[in-house]
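Colleague: sequence unknown, structure follows:
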């Protein structure tokens, strides 16, 4: 399938955090789509210390992708759809002359990841300090390489880190100005990088333009922030980190898969066609679907949250059809119905 990107202008002067208004917020539902199983691999690996040179670093990263692909075959019986590497994986953290030590995509970086993407027939997110503008500038970037080795597109980090007492944006790195959403063959993919987690803008724009899965290459191993982003914008988030943990967050806000040190590789299957259901007497904490559909329906129900996420394992019957057959409604449908009652009663938004 042809892959494209929607580029969303974002002038840095307009980066003011604010919530979506009721008119802007569009809660997506994929419940009536056939199952879309997506296998995603991520990693936890620190890149501090002496740099081994570009060739050895690329070999190290290629081995990580190989390990993800092998784990995918063992765990799910097929290969990866997407591999996500940690922030600045190619170059490591740079300081001082960042432009002088950054690397272009053309050449060794392109050749290695084009080969690996074709070998495993998967997308790969390659984070690096990227040399650009004829060697005059650099950006903290994540490059998306397609299944056939093509460069699908680039996300350049908007919110660059600033050290305490400093006025320098990552030692002179140039901030990005766009938040692309990439139309991959498995669904709509967004990317944010590390310090972007502290600002609403990019996450909100990804939701506004239909992202279903967001990759977050990062040095910071936060879990509370990405969980809040996942539930607020109703998409999956996967972190790829330097330390402590690498994690998957589902649109309920729940952390559903995680590794901690000394583990290094995590592979998880997601279904981008799903429904979020609130508690109701007819749901029986999910048992109602299990009783009627057995293994054709999958779910994780959280009694402590009074809701769960549900998906179909039957290509012929969507999860939307399954829940309607039981007289059930998705969470956002219930909220919209109740909101109408509130409006009549004069309850403010």
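Modeller: Ah, there it is. Since we're looking at a predicted model, the values are computed, not measured. Numbering: from 1, shown residues only.
Colleague: Over to the residue most central in space within the chain. Which of the three states is it?
Modeller: Ranked by distance to the mean C-alpha position of the chain (C-alpha atoms, centre = their mean), the top residue is residue 214 at 2.0 Å. Secondary structure, DSSP: H, G, I helix; E, B strand; the rest coil: residue 214 is strand.
Colleague: Quick check: it vs residue 222, distance?
Modeller: With distances taken as C-beta to C-beta, to the nearest Å, residue 214 is found 14 Å from residue 222. No exception for glycine: its C-beta is placed from N, CA and C like everyone else's.
Colleague: which parts of the longest helix along the chain are buried?
Modeller: As assigned by DSSP state H, the longest helix anywhere in the chain is helix 54-76. Buried residues in helix 54-76, defined by neighbour count with 16 or more other C-beta atoms under 10 Å: 57, 58, 61, 62, 64, 65, 67, 68, 69, 70, 71, 72.
Colleague: Stretch 287-298 now?
Modeller: Quick answer for stretch 287-298 (16+ other C-beta under 10 Å): 288, 289, 290, 293, 296, 297, 298.
Colleague: Of those, which is the nearest to residue 250?
Modeller: residue 298 (12.3 Å; C-beta to C-beta).
Colleague: How many neighbouring residues does the nearest residue to the closest one once chain neighbours are set aside have?
Modeller: Of all residues not flanking residue 298 in the chain, residue 311 sits nearest, at 5.0 Å (C-beta to C-beta, 6 or more residues apart in numbering). Using other C-beta atoms under 10 Å, the number of residues around residue 311 comes to 22.
Colleague: secondary structure element for residue 311?
Modeller: strand 307-312 (DSSP states H and E).
Colleague: which residues are in contact with that strand?
Modeller: Strand 307-312 has contacts (C-beta atoms under 8 Å, 6 or more residues apart in numbering) with 34-35, 250-252, 254, 271, 273-279, 285-286, 289, 296-302, 318-319, 321-323, 331.
Colleague: Can you give me the neighbour number for the closest residue to residue 98 other than its chain neighbours?
Modeller: The shortest distance from residue 98 to any non-neighbouring residue, by C-beta to C-beta, 6+ apart, is to residue 171 (4.8 Å). If you count neighbours by other C-beta under 10 Å, residue 171 ends up with 18.
Colleague: Residue 61 touches residue 91, doesn't it?
Modeller: No. With contact defined as C-beta atoms under 8 Å, residue 61 and residue 91 do not form a contacting pair (11.0 Å).
Colleague: where in the stretch 1-150 of the chain is pLDDT low?
Modeller: Residue ranges of the stretch 1-150 of the chain with pLDDT under 70: 1-27.
Colleague: Which residue comes closest to residue 276 once chain neighbours are left out?
Modeller: Using C-beta to C-beta, 6+ apart, the nearest residue to residue 276 is residue 331, at 4.6 Å.
Colleague: what's the distance between the one you found and residue 59?
Modeller: From residue 331 to residue 59 the distance is 46 Å (C-beta to C-beta).
Colleague: Same question for residue 151.
Modeller: When distance is defined by C-beta to C-beta, residue 151 is 21 Å away from residue 59.
Colleague: Also residue 303?
Modeller: From residue 303 to residue 59 the distance is 47 Å (C-beta to C-beta).
Colleague: helix, strand or coil for residue 160?
Modeller: coil.
Colleague: mind listing what it touches?
Modeller: The neighbours of residue 160, taking C-beta under 8 Å, 6+ apart as the test, are 140, 169, 170, 173, 175, 195.
Colleague: I'd say the residue nearest to residue 98 and residue 95 touch.
Modeller: Yes. If you go by C-beta under 8 Å, residue 171 and residue 95 touch, sitting 5.2 Å apart.
Colleague: Do a quick rundown of the helices in the protein.
Modeller: Going by DSSP H, the chain shows helices at 54-76, 98-101, 108-120, 200-208, 224-233, 287-293, 319-325, 331-345.
Colleague: Let me know the pLDDT of the closest residue to residue 302 other than its chain neighbours.
Modeller: Nearest residue to residue 302, sequence neighbours excluded (C-beta to C-beta, 6+ apart): residue 308, at 5.8 Å. Note for residue 308: predicted pLDDT of 97.
Colleague: Let me know how buried residue 308 is, in neighbour terms.
Modeller: Look at residue 308: counted by other C-beta under 10 Å, it has 22 neighbours.
Colleague: And the one 4 residues further on, by the same measure?
Modeller: By the criterion of other C-beta under 10 Å, residue 312 has 27 neighbours.
Colleague: now it, nearest residue through space, not along the chain?
Modeller: Using C-beta to C-beta, 6+ apart, the nearest residue to residue 312 is residue 319, at 4.3 Å.
Colleague: Neighbours of that neighbour, how many?
Modeller: The burial count for residue 319: 31, using other C-beta under 10 Å.
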